[in-house]
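**Q** quick check, what structure comes out for this input:
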Amino acid sequence: MNLILASTSPYRRRLLERLCLPFTCMDPAIEESMWEGESPPERASRLSTEKASAAAQTLQGNAIVIGSDQVACLGAQILHKPGTAEAAERQLAASSGQTVHFWTAVSVWAKPDQAPTQRVVPCEVKMRALSADEITRYVALDQPLDCAGSFKWESLGITLFEAIRTDDPTALEGLPLIALGELLREAGISLPLAAQPAQHGL
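**A** Sure thing, here's the model as predicted:
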């Protein structure tokens, strides 16, 4: 079995490692653009499929390719990765006391003559009311500069929450493992599967 994760994200790599499957990471090298009139879940769905398909087109022989994408929204505003501490603090200040919506899509390409199979997992994060000091301290400690929403829920970001509502909590980190397990079983991979750890480099 040649399993490919079409992602350079260290968060998705660490999540997939939890399934104890040998895999390789590959940069899908697609343009992550927003189409006019496209809803957030539609965008996540499209990009996860494009990532899986783009990586699959570069491969020879049998392979199973995983693509994933996540879109975060505060109301009608899409929350991008902040990139700087100042932008992260502004995102968190705007999200204070509000509900942030996430849509995380995962696609599995397993058959050359068929489109990838897919699931889109929604998640709601209710943020508690945050003081300016709490926001500044959190950003300095956790450095969530590469995270949409400006928090790392698997780390100190959990202290900013009032509640999480989702059927698949790993979706919040970027790769919904419950949904992925279902898709991999449909592709013929039995889980759990005993396997030797593999090198997961690019």
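**Q** residue contacts, the most centrally placed residue in the chain?
**A** Central residue of the chain (Cα atoms, centre = their mean): G174, 1.9 Å from the mean position. Contacts here follow Cβ atoms under 8 Å, 6 or more residues apart in numbering; on that basis G174 touches S9, Y11, R12, L15, S68, Q70, T104. Quick note: C-beta positions are derived from backbone N, CA and C, even for glycine.
**Q** the second one: how many residues sit nearby?
**A** Residue crowding around Y11 was assessed by other Cβ atoms under 10 Å; the count is 17.
**Q** same question for the last one.
**A** By the criterion of other Cβ under 10 Å, T104 has 27 neighbours.
**Q** and I78, by the same measure?
**A** The local packing of I78 (other Cβ under 10 Å) involves 13 other residues.
**Q** hang on, P40 packs against A76?
**A** No: the criterion here is Cβ atoms under 8 Å, and P40 misses it with A76 at 9.5 Å.
**Q** neighbour-wise, which of these two wins?
**A** Counted by other Cβ under 10 Å, P40 and A76 do not tie: P40 has more neighbours, with 19 against 6.
**Q** the more buried one: what's it in contact with?
**A** P40 sits next to V71, C73, I78, H101, W103 when contact means Cβ under 8 Å, 6+ apart.
**Q** repeat that for T159.
**A** Contacts of T159 by Cβ under 8 Å, 6+ apart are Y138.
**Q** and it, how close does it get to C25?
**A** From T159 across to C25, the span is 30 Å (Cβ to Cβ, to the nearest Å).
**Q** so D146, which of the three states?
**A** What DSSP: H, G, I helix; E, B strand; the rest coil gives for D146 is coil.
**Q** burial measure for it, as a count.
**A** Counted with other Cβ under 10 Å, D146 comes out at 14.
**Q** equivalent analysis for L191, please.
**A** The number of residues packed around L191, counting by other Cβ under 10 Å, is 13.
**Q** how about it, phi and psi?
**A** The phi/psi pair for L191 (degrees, to the nearest 10) reads phi -130, psi 140.
**Q** isn't it up against R185?
**A** Yes: L191 is within contact range of R185, at 6.3 Å (criterion: Cβ under 8 Å).
**Q** T166 contacts K126, doesn't it?
**A** No: taking contacts as Cβ under 8 Å, T166 lies outside contact range of K126: 11.6 Å.
**Q** so what pLDDT did the nearest residue to L3 once chain neighbours are set aside get?
**A** Using Cβ to Cβ, 6 or more residues apart in numbering and skipping residues adjacent in sequence, the residue nearest L3 is F23, 4.1 Å away. Looking at F23, its pLDDT is 94.
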